[in-house]
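[1] My questions concern the predicted model and sequence given below.
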2 protein chains.
Amino acid sequence: MSLLTIGTVAFDTIQTPFGRAEKVIGGACTYISYAASYFTNNINLSAIVGDDFPESEIEALENRGVNMDGLEIKKNGKTFFWEGVYHMDMNSRDTITTDLNVLDDFNPVLPHSYKHCKYVMLGNLTPQVQLQVLEQLDGNQKLIALDTMNFWMDIALDDLKKVLKKIDLLTINEEEARQLSGEYSLVKAAKEIHKMGPRFLVIKKGEHGALLFEDHKIFFAPALPLAEVFDPTGAGDSFAGGMMGYLAQKDRVDFKTLKKAIIRGSVMASFCVEEFSISRLKNLSKNDIKNRLQKFKKLTKF
Amino acid sequence: MSLLTIGTVAFDTIQTPFGRAEKVIGGACTYISYAASYFTNNINLSAIVGDDFPESEIEALENRGVNMDGLEIKKNGKTFFWEGVYHMDMNSRDTITTDLNVLDDFNPVLPHSYKHCKYVMLGNLTPQVQLQVLEQLDGNQKLIALDTMNFWMDIALDDLKKVLKKIDLLTINEEEARQLSGEYSLVKAAKEIHKMGPRFLVIKKGEHGALLFEDHKIFFAPALPLAEVFDPTGAGDSFAGGMMGYLAQKDRVDFKTLKKAIIRGSVMASFCVEEFSISRLKNLSKNDIKNRLQKFKKLTKF
């Protein structure tokens, strides 16, 4: 089934305790699309880059079955750039540079065929841009998922609340769930957030896994304990991509399918962190994914 | 099968964002024994209290099938007292008072029948006292489990390492696993800790669940997301008690049984935090436990 992914396509410079990667490929939409591509085809990307973005990387995404018609390439523009340094524990990081560049002018105009996509993943962007995308859809979507962050809760809460009314699934982290709801208990936070719109809530807890909520139902997906976490950048987006790719493949939206979907998301996140940038996500085999999935099954089965 | 539990029996004064409880019953050995009592009989407690400790509480434990022959009641002595205040997030706390009182003179002399117990749970005490207990056992134990804390790693590491050589299962929290091993990754930490002696390692992550390691095998037990955590005191000990009680009941020591055991431990911890002190652990029905176990199964099954 068709999947629309919207978000950033970017350059990242990343420093971790294990090394440094200069101006590598990043961006939420990139990670989402790669991760989803192992589960479904008919992926349609909407993003903006400058003409400094390598043609070969656009082709690489096309080769994974991603329709790039919705990628705006701005002449003489510079691609969004982020630089960050991870601390020893890999759970926290400092942002060194955020150059919005062309992202400042991102006014996504969806290609006509995109408007009918049944599954939509709105990556972390300003709520205004997310709204603008939603207004272009034909209204026949089966699931619209949204990622956001504390930054937008701080400076654009009203717009964010408007978006929340229009979506089916929200992914945020623990602290963001607490900030958005005003509740410390995640069970209570989920209740409040359901009231804001989303039928499904996924709370990402990084190395501690993820929680899925729908009404009174709760599911917990663990993260795979890894000997080496090389670079956490993109883990959350890979998670979202794996989840949405699986849902689009199955074309079913219910709690049972969602549970399986967030396990696939966790699988893709566990690959993502093994190498810098999208390196690991570019070169996975069906067997890699199958074996990793087995590890997740073993991890919690009793 | 017989279970020996050694540790503190205490008075606690506890303040949480939900209220205050003055001089209520606490102590690792108390929580361990109550939690274990729902899975096995033939529980043998070894601890020390002053004669200020209420007779009725000793009888309450006896009524749960706990043999109290090993409880030393010191004449004119005062029972160990701890006072703590939990922060809003309930994950961190400040200790206000620690009065060792009679615990300072705890030189456990095991009643003869205790020495043959097949399952042993050494609650958090000085490693010297834990060693002293181990030396009195008949050497035919099936599983010896030990709980400890960072404090002993700071001031009695050599003794702690001696104890670790003699035990089968260690329970510690994440930070303690990192401190003990010098490794940040819990997978690597487990490898180092296995080398120190324990075949099994349980890393307690509080609201994020627990990890079980044996060689290259890993199992993850979630914590139940709760709307209200009323008082976290004793959660780790209730976890240990549920786990050991189940192992003693099944009388089997292998990874498969351990997995089921730590789920029972998680069940007991989830009850423990619902009320102050041992209140909730005193009054559980078989059905309460069965229903809670079902919730855990639902939580991770996909």
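    Nice, I can see it.
[2] Run through the residues that contact A:E207.
    Counting by CB atoms under 8 Å, 6 or more residues apart in numbering or on different chains, A:E207 touches A:91, A:223, A:225, A:229. Backbone N, C-alpha and C define where each C-beta goes, glycine included.
[3] of these, list those near chain B.
    A:225, A:229 (CB under 8 Å from any CB of the partner chain).
[4] who wins for most neighbours among the contacts of A:E207?
    The residue in the contacts of A:E207 with the most neighbours, by other CB atoms under 10 Å in any protein chain shown, is A:V229 (25 neighbours).
[5] wait, is that residue part of a strand?
    No - remark: A:V229 does not belong to a strand; assigned using DSSP: H, G, I helix; E, B strand; the rest coil, it is coil.
[6] sorry, back to before: now for the contacts of A:E207, which pair is the farthest apart?
    Farthest apart among those by CB to CB are A:N91 and A:P225. That separation is 14.0 Å.
[7] quick one: buried residues of stretch A:188-195?
    A:188-191, A:193-194 (16 or more other CB atoms under 10 Å in any protein chain shown).
[8] As JSON lines, the residues you listed with pLDDT and distance to chain B would be great.
    Output for those, formatted as JSON lines (pLDDT from 0 to 100; distance: CB to the nearest CB, whole Å):
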{"residue": "A:K188", "pLDDT": "96", "distance to chain B": "6"}
{"residue": "A:A189", "pLDDT": "97", "distance to chain B": "10"}
{"residue": "A:A190", "pLDDT": "98", "distance to chain B": "8"}
{"residue": "A:K191", "pLDDT": "98", "distance to chain B": "8"}
{"residue": "A:I193", "pLDDT": "98", "distance to chain B": "14"}
{"residue": "A:H194", "pLDDT": "98", "distance to chain B": "14"}
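[9] Which member of the residues you listed is positioned nearest B:T95?
    A:K188 (28.2 Å).
[10] Surely the closest one and B:V229 touch.
    No - contact criterion CB atoms under 8 Å: A:K188 and B:V229 do not qualify, at 11.1 Å.
[11] for the record, mean pLDDT for stretch A:132-147?
    For stretch A:132-147, the mean pLDDT works out to 98.
[12] Run through the residues of chain A sitting next to chain B.
    With CB under 8 Å from any CB as the criterion, chain A meets chain B at residues A:88-90, A:184-188, A:205, A:208-209, A:211, A:218-222, A:225-229, A:259-260, A:263, A:298-302.
[13] next SSE after the lengthiest helix in chain A?
    The residue-count maximum for a helix in chain A (DSSP state H) belongs to helix A:255-272. The helix or strand immediately downstream of helix A:255-272 is helix A:279-282, counting by DSSP states H and E.
[14] Report the buried residues of whatever helix or strand comes next after that following helix.
    Downstream of helix A:279-282, the first helix or strand assigned by DSSP H and E is helix A:286-300. By 16+ other CB under 10 Å, the buried positions in helix A:286-300 come out as A:289, A:292, A:296, A:299-300.
[15] Dump the residues you listed to TSV, plus pLDDT.
    Shown next, in TSV, are the buried residues of helix A:286-300 (pLDDT from 0 to 100):
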residue	pLDDT
A:I289	98
A:R292	97
A:F296	96
A:L299	95
A:T300	93
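[16] nearest to B:F39, of those residues?
    Nearest to B:F39 out of the buried residues of helix A:286-300 is A:T300 (CB to CB; 21.6 Å).
[17] shouldn't that closest one be in contact with B:F219?
    Yes - between A:T300 and B:F219 there is a contact at 7.4 Å, judged by CB under 8 Å.
[18] shared neighbours of these two, anything?
    With CB under 8 Å, 6+ apart, A:T300 and B:F219 have no common neighbours.
[19] quick one, what contacts the residue in the stretch 51-200 of chain A that chain B sits nearest to?
    Going by CB to the nearest CB, chain B is nearest to A:V187 of the stretch 51-200 of chain A, at 4.3 Å. Shown in contact with A:V187 (CB under 8 Å, 6+ apart): A:218, B:225-227.
[20] ok, and it, which helix or strand is that part of?
    Using DSSP H and E, A:V187 sits within helix A:186-196.
[21] Great, nothing more from me.
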